[in-house]
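Chemist: Mind folding the following:
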Amino acid sequence: MKIVFAALAGLTISTTASAQDTRNDIVVEGRRLEETARAFVGAISAPPSRENQLGRFDSAVCPGVAGINARQGQFIVDRIAQRAMSLGLSAGAPGCLANVLVLFTDEPGELARAIVEEQRYLMANTGMTDNLNTRGSEALEAFVSDERPVRWWHVAQTVTGDGQVLRDVPARLWNGGNRAPHLYAQGVFLSGREATRNSRTTRQDFRNVVIIVDGPRAAAPRLDALADYLAMVALAQIDPAADTSAFTSILNLYGENGERPLRMTEWDESYLEGLYAAPRQAPNVRRQEGRIVHSMRQDIERRRQ
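Modeler: Numbering: from 1, shown residues only. Model prediction:
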């Protein structure tokens, strides 16, 4: 009997130790996952140059595609709309004014230069009118000279927490939203709205996105792979120079190194979900990225269960 109890005691000790080791493994794996997510988020996120906040679409996304046959174009429109709706956005009705414009061309450099020079409102390279924000003049020059198969340009707009567009804000009253007791929204003078340590008075909403696709060079193994790539760079402001070869991401579709997935991966989907769930009026990018990382870790762990 003593031998049996001794054996049971040994079994109990062994089982407890094994369970403890398993918990430690889970903690270590969780930390590694969070570190990897933090590296991924830091690599790809690209806030507007004048604003220390990440942008996103507010409600409706209306994709428009030109330069390819109607059937292929509709497939891309539908895929971007589907990805947008999975994030809680709505898709514009047929005939809506496109705020995601995807242009296929054999001469991407010439088209990019023409748009920058002739469609200044579309690219928001007209100064601070309507508080439009982009990645700045150097990034715009890179957009024109970029030789990647796909290039993109996001225009964000500073709006109040409830979505009112700020217009013609005097420079002496506007300092990026960290402390803005006086704001002009839709021509109405607002006062008494001050930021806190955890929240700003404003946020960054995407007004429009322009994507230029080098038709011959961007030919993907499958159209759905290209469509997912376009959805990823449309719904989030991704750094074009980001090195994502260490991650499994649709952003590697045209990369020279690393795996080339044919659809959005769990990293891509979790990043977008984290971005669209993060506080929109966060005081800075660092705070938003932290929330995205936390969300990604939870989401990926849940997917892998």
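
Chemist: from here on, contacts and neighbour counts on C-alpha atoms
Modeler: Fine.

Chemist: Test my guess that Pro48 contacts Asn131.
Modeler: No: if you go by C-alpha atoms under 8 Å, Pro48 and Asn131 don't touch, sitting 11.5 Å apart.

Chemist: Surely Ser249 is in contact with Arg260?
Modeler: Yes: between Ser249 and Arg260 there is a contact under C-alpha under 8 Å: 7.3 Å.

Chemist: higher neighbour count, those two?
Modeler: Ser249 (24 against 18; other C-alpha atoms under 10 Å).

Chemist: okay, that one: pLDDT?
Modeler: pLDDT, Ser249: 97.

Chemist: How much space separates it from Asn284?
Modeler: To Asn284, Ser249 is 26 Å away according to C-alpha to C-alpha, to the nearest Å.

Chemist: where does the stretch 101-250 of the chain dip in pLDDT?
Modeler: 126-130, 167-197 (pLDDT under 70).

Chemist: Would you state the strands of it in chain order?
Modeler: Secondary structure of the stretch 101-250 of the chain (DSSP state E, counting those that start in this stretch): strands at 132-133, 150-160, 182-185, 188-191, 202-214.

Chemist: Deepest-packed of those strands, please.
Modeler: Ranked by mean neighbour count, the strands of the stretch 101-250 of the chain are led by strand 132-133 with a mean of 26 (mean count of other C-alpha atoms under 10 Å).

Chemist: pLDDT score assigned to Ala93?
Modeler: pLDDT at Ala93 comes out at 89.

Chemist: To clarify, my last question referred to Val4.
Modeler: For Val4, pLDDT reads 34.

Chemist: Pull the contacting residues for Asn198.
Modeler: Ala282, Pro283 (C-alpha atoms under 8 Å, 6 or more residues apart in numbering).

Chemist: Helices of the chain, residue ranges please.
Modeler: For the chain, the helices defined by DSSP state H occupy 2-44, 70-86, 108-118, 120-123, 137-145, 223-235, 266-277, 285-304.

Chemist: In a markdown table, list those along with distance to Ser199 and mean neighbour count.
Modeler: What follows is those, written out as a markdown table (distance: least, C-alpha to C-alpha, whole Å; neighbours: other C-alpha atoms under 10 Å):
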| stretch | distance to Ser199 | mean neighbour count |
| --- | --- | --- |
| helix 2-44 | 21 | 14 |
| helix 70-86 | 26 | 18 |
| helix 108-118 | 34 | 16 |
| helix 120-123 | 29 | 17 |
| helix 137-145 | 28 | 15 |
| helix 223-235 | 23 | 22 |
| helix 266-277 | 15 | 21 |
| helix 285-304 | 10 | 18 |
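
Chemist: For Tyr254, which of those helices is the nearest?
Modeler: Nearest to Tyr254 among the helices of the chain is helix 223-235 (9.6 Å), distances taken as C-alpha to C-alpha.

Chemist: Please export the C-alpha coordinates of the closest one as CSV.
Modeler: What follows is helix 223-235, C-alpha atoms only, in CSV (Å, rounded to 0.1, in the frame of the first residue of the first chain):
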residue,chain,number,x,y,z
LEU,A,223,-5.9,37.3,-59.2
ASP,A,224,-7.1,36.8,-55.7
ALA,A,225,-3.5,37.1,-54.4
LEU,A,226,-3.2,40.5,-56.1
ALA,A,227,-6.6,41.5,-54.9
ASP,A,228,-5.7,40.7,-51.3
TYR,A,229,-2.4,42.6,-51.7
LEU,A,230,-4.3,45.7,-52.9
ALA,A,231,-6.8,45.4,-50.1
MET,A,232,-4.0,45.3,-47.5
VAL,A,233,-2.2,48.4,-48.9
ALA,A,234,-5.6,50.2,-49.3
LEU,A,235,-7.1,49.7,-45.9
